[in-house]
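just coords:
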C-alpha cells in the first residue's frame, strides 16, 4: 500500500503538475497588458507549480513505473524545444532544468518505502491540494468575468472550462490518495468518458487556432471531433458500463489522434504549420493523449529485475 501511494502520488504530480504550470502560462500569455493583475496571479501559480514539480522530480528518481516513463506523458522529445520557442515568443521565463531532470529519471523497482518518504509525499500532496484549489478559484473567476464580458482574453471560454475540468480531476485524484491511500481505477467508464471529452475539445481548439489557410488540417481536426462525439454518444448507450469494445474503439481513435498531434507538434516547431498555437500548447495536448493511451492500456509494471 505504501509503495502504491508513493508511486501514484509522484506519477500524478509529474503529469498533472506540469499540466497545471502550463495552464498558468497559457492564461498569462492570453491576457492583454491591461490585465496585469491577472497576469501576475497566473505567473505566481506557474512558479508555484514549477516548485511543486521540481520537488516531485527529486522524490521520483527510482520510484516511478516503467510504463509511465515510456508513455511520453511526462515529457516528450519535443518538450524542451517547445519550451524554448514558447519562452522566446511570449517572453515568459520557463525553467527547462525541470524538463531535463524529468528526461533523466529512471523507473523504480518494488522496495520498502521509508516513513520519511511517506511523510514527504503526504506533505507534497497536501500542498498540492491547496495549490490546485487556488488555481481552480482563479480559473472560475476568469471564466465568470469573461462570460459576463467584463474581461478579455485570447483563450476561448471553452478552453478555460476545459482546463478547469482538468484541475478538478487532478485535485480529485490527489484527494483520493490522501483519503484512501490509492486511486480507485475500477470505474473505467468515467475515465473513458472524461478523457474522450478532453480529446474532443482538443479537436475544437486545434481547428479554431489553426490559420484559415490550413484547410486540410482543419478538416482532420473536424473529423476527430466527430469521432469523439460518436464515442461519447455510444458510451451513453452503455448505461455507465465500460466494455472491451468501447475501450478498443477509444484506443483506436486515440492512437490515430496521437499520430496527428505528433505530426502537428513537429510541424509547429519547424514553423511549417501556421496558426495561433503556441509550441508548448501543441506538446501539452500531445502529452495528454499519451497519458490517456496509457490509461486505456490498463497495464503498468515496475522495472524488470
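Nice, thanks for sending it over. Just so you know, these numbers come straight off a predicted model, no measurement behind them.

where's residue 37 relative to residue 91, distance?
Distance of residue 37 to residue 91, given as C-beta to C-beta, to the nearest Å: 18 Å. All C-beta spots, glycine's among them, are computed from the backbone N, C-alpha and C.

what packs against the helix ranked longest in the chain?
Looking across the chain with DSSP state H, the single longest helix is helix 115-147. Applying 3 or more C-beta pairs under 8 Å, 6 or more residues apart in numbering; DSSP states H and E, we find helix 115-147 packed against helix 2-12, helix 18-30, helix 36-60, helix 157-180.

could you dump those helices to JSON lines with mean pLDDT and mean neighbour count?
Compiled in JSON lines, those are given as follows (pLDDT from 0 to 100; neighbours: other C-beta atoms under 10 Å):
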{"stretch": "helix 2-12", "mean pLDDT": "92", "mean neighbour count": "21"}
{"stretch": "helix 18-30", "mean pLDDT": "98", "mean neighbour count": "24"}
{"stretch": "helix 36-60", "mean pLDDT": "97", "mean neighbour count": "19"}
{"stretch": "helix 157-180", "mean pLDDT": "96", "mean neighbour count": "18"}
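
Tell me which of those helices lies nearest to residue 67.
Closest approach to residue 67 among these is made by helix 2-12 (9.7 Å; C-beta to C-beta).

How about residue 48: what's its closest non-neighbour residue?
Distance criterion C-beta to C-beta, 6 or more residues apart in numbering; nearest residue to residue 48, sequence neighbours excluded, is residue 131 at 5.6 Å.

quick one, what contacts that neighbour?
20, 45, 48, 49, 52 (C-beta atoms under 8 Å, 6 or more residues apart in numbering).

unless I'm mixing things up, the second one is touching residue 138, no?
Yes. Here residue 45 lies in contact with residue 138, judged by C-beta atoms under 8 Å, at a distance of 6.8 Å.

what's the neighbour count on residue 293?
Counted with other C-beta atoms under 10 Å, residues neighbouring residue 293 total 19.

and residue 195, which of the three is it?
helix (DSSP: H, G, I helix; E, B strand; the rest coil).

surely it meets residue 294?
No. Between residue 195 and residue 294 there is no contact under C-beta under 8 Å: 10.8 Å.

that older thread, of the helices and strands packed on helix 115-147, which approaches residue 87 most closely?
In terms of C-beta to C-beta, the element of the helices and strands packed on helix 115-147 nearest to residue 87 is helix 18-30, at 9.4 Å.

other SSEs contacting that closest one?
By 3+ C-beta pairs under 8 Å, 6+ apart, helix 18-30 packs against helix 36-60, helix 79-90, helix 115-147, helix 157-180, helix 279-297.
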